[in-house]
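Student: following is a predicted model, sequence given first.
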Amino acid sequence: MKGRQADEPIIVREGELVRDGEHAAAHETRRRLQQLAWLLDSSIPIPGTRLTIGLEALIGLIPLLGDLIGVALSSFILVEAHKLGVSRTVFLRMSFNVALEGIVGIIPFAGDVFDAAFKANQRNVKLLDDWMDRPDRAKRGSRAFLLWLLIGLAAVLGLCGFAAFVLIRWLFGL
């Protein structure tokens with residue numbers, strides 16, 4: 001049989017191999033998203049340390065507008081992941097990362113530090129890579145994360161309700 005065997009990887013560029021079952025276009029999208037995530041999250045080294053920040057952290061220094069621009073840039077990764085057919089649970093987890101970074105980023109200074117440390121874009125590209133390499137495992141991990149997130153939110157809401165009940169009883173002397 002002449003030509004490429006079914007289990008052979010495809011060479012996209014010299015030294016770059018496409019994983020089994022992955023199309024060259026999907027491989028190129030993954031590469032571009034990894035590069036974008038690095039640019040947004042880790043492209044600028046902080047002198048004298050091993051720490052890095054990205055363009056998104058610098059843009060985030062502009063109050064509110066910078067955070068909105070950062071969320072818009074991060075959403076590009078979500079759009080590309082959706083085009084690649086990422087599962088709903090992995091997509092929700094990726095969306096949570098962007099939302100968390102956007103909401104916390106609104107807090108002056110502390111939000112910028114969180115943004116520089118959390119690196120939502122690199123987390124999301126890692127989730128996408130994990131899903132493309134091992135879809136079932138990534139989906140299970142994301143389901144577990146979302147379940148714990150819902151349990152945590154229910155606990156916080158329950159505690160808030162209980163605190164409100166105790167406060168009302170105390171205020172009205174019941």
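Tutor: Looks like it came in fine.
Student: tell me which element the residue most central in space within the chain is part of?
Tutor: The residue lying closest to the centre of the chain (C-alpha atoms, centre = their mean) is N124, at 3.1 Å. Using DSSP states H and E, N124 falls within helix 120-133.
Student: now do that helix, average pLDDT.
Tutor: Throughout helix 120-133, pLDDT has a mean value of 92.
Student: what residues of that helix count as buried?
Tutor: If you call a residue buried by 16 or more other C-beta atoms under 10 Å, then helix 120-133 has these buried ones: A120, N121, Q122, R123, N124, V125, L127, L128, D130, W131, M132. C-beta coordinates here come from the backbone N, C-alpha and C atoms, glycine included.
Student: list the buried ones in the longest helix seen in the chain?
Tutor: Identified as the longest helix of the chain according to DSSP state H is helix 135-172. For helix 135-172, a neighbour-count test (16+ other C-beta under 10 Å) marks A138, K139, G141, S142, R143, F145, L146 as buried.
Student: circling back to that earlier point, right, and the residue nearest to the centre of the chain touches A37 too?
Tutor: Yes: applying C-beta atoms under 8 Å, one finds N124 in contact with A37, separated by 7.0 Å.
Student: joint contacts of those two?
Tutor: Residues touching both N124 and A37 (C-beta atoms under 8 Å, 6 or more residues apart in numbering) are I77.
Student: L68 looks like it's in a strand, true?
Tutor: No: under the criterion used here (DSSP: H, G, I helix; E, B strand; the rest coil), L68 is helix, not part of a strand.
Student: check contacts around it.
Tutor: G102.
Student: I would like the residues contacting the helix or strand encompassing D115, please.
Tutor: According to DSSP H and E, D115 maps onto helix 110-118. Contacts of helix 110-118 with the rest of the structure, by C-beta under 8 Å, 6+ apart, involve 51, 53-54, 56-57, 60-61, 67, 70, 97, 100-101, 104-105, 107.
Student: angle of that helix against helix 120-133?
Tutor: 30 degrees (axes from the mean of the first three to the mean of the last three C-alpha atoms, to 10 degrees).
Student: flag every buried residue along helix 110-118.
Tutor: Neighbour-count burial for helix 110-118, counted by 16+ other C-beta under 10 Å, picks out G111, D112, F114, D115, A116, F118.
Student: do stretch 57-68 as well
Tutor: Neighbour-count burial for stretch 57-68 flags A57, L58, I59, G60, G66, D67 (criterion: 16+ other C-beta under 10 Å).
Student: what pLDDT does the model give the fourth one?
Tutor: Read that as G60. 87.
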